[in-house]
Each structure stands twice: as structure tokens, then as C-alpha cells.
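K.L.:
attaching a predicted model along with its sequence, questions to come.
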Amino acid sequence: MRRTYLGELEEIVLLMVAILDGDGYGVTISQAIEEHTGRIVVFGSIHNTLIRLEEKGFVRSELGGATAERGGRRKRLFRITGLGSRALQEIQQLRQELWQLVPPVSLRLSGL
């Protein structure tokens, strides 16, 4: 089986797209990342990551309706695809397998 490799930001953005379940666009994804991780990510990084994820087939997007709060502009809403969902499941499984291999003594604080 071929593993899926995502960078840290790609993984976090993909998780947020899944969490927001079709209501995610650049601003809401950025806000969710800050809220849940404490990490501030500039909008341009989110936008570029979403484009990469869409090119890889992990997310798809569609234009939502125009809103007055956005000056009549439409939002590009993102939704995770089946391929994206499988990628997250593979990553989660790999991380769990690796955590099982860490000896408990390695996780204790040392006197160094």
C-alpha cells in the first residue's frame, strides 16, 4: 500500500476542511486553525495549501452565494473528498502505530 504524505500545514488544513464539513473557506479555516491550535497562519498560506490539496484531489471546491458582508463577492467553499478522507485515516493510523513503538521510558522527563 502506498502511503500518503502531507506536510504539517496540509494535514491541519485538511482536518479543518473535514471539521467544517462544507462550510470552510479561507477565512473560516484560518480562524479554526487559530482557535484549535493557537497557531496564526496568514491567509496566503491557507489559500496556497487549499489549492495544492485540490490539485491532489483531497478537497473540492465550489462557489457559494454572494454576500453583502463580502461586498457581493462569493465564497469558495471547500469539502473533503473520499481520497482526502482516506489520506487522513492513513495518517492517523501511521501516527498511532508510531506512538505504540515509543518506549515509555523515552517519554519521561530526564534530569538533563
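P.N.:
It's in. Residues are numbered from 1 along each chain as shown.

K.L.:
gap between residue 9 and residue 33?
P.N.:
Taking Cβ to Cβ, to the nearest Å as the measure, residue 9 falls 9 Å from residue 33. Using the backbone N, CA and C atoms, a C-beta is placed for each residue, glycine as well.

K.L.:
ditto for residue 75
P.N.:
17 Å.

K.L.:
same question, residue 87
P.N.:
In terms of Cβ to Cβ, residue 87 sits 18 Å off from residue 33.

K.L.:
gap between the closest residue to residue 27 other than its chain neighbours and residue 90?
P.N.:
Distances taken as Cβ to Cβ, 6 or more residues apart in numbering place residue 43 nearest to residue 27, at 7.1 Å, with adjacent residues excluded. Distance, residue 43 to residue 90, using Cβ to Cβ: 28 Å.

K.L.:
which of those two has more residues huddled nearby?
P.N.:
Per other Cβ atoms under 10 Å, whichever of residue 43 and residue 90 has more neighbours is residue 90, with 16 against 11.

K.L.:
pLDDT score for the more buried one?
P.N.:
pLDDT, residue 90: 93.

K.L.:
hang on, the residue nearest to residue 27 packs against residue 26?
P.N.:
Yes: between residue 43 and residue 26 there is a contact under Cβ atoms under 8 Å: 5.7 Å.

K.L.:
any residues in contact with both of those two?
P.N.:
Overlap between the contact sets of residue 43 and residue 26, as judged by Cβ atoms under 8 Å, 6 or more residues apart in numbering, is nil.

K.L.:
which strands or helices does the top helix by length along the chain pack on?
P.N.:
Ordering each helix of the chain by length in residues (DSSP state H) puts helix 82-101 first. Helices and strands touching helix 82-101, by 3 or more Cβ pairs under 8 Å, 6 or more residues apart in numbering; DSSP states H and E, are helix 8-20.

K.L.:
any low-confidence regions in the chain?
P.N.:
Applying pLDDT under 70 to the chain picks out residues 1-4, 68, 70-71, 107, 109-112.

K.L.:
who has more neighbours out of residue 9 and residue 33?
P.N.:
Using other Cβ under 10 Å as the criterion, residue 9 and residue 33 rank with residue 33 on top: 20 against 16.
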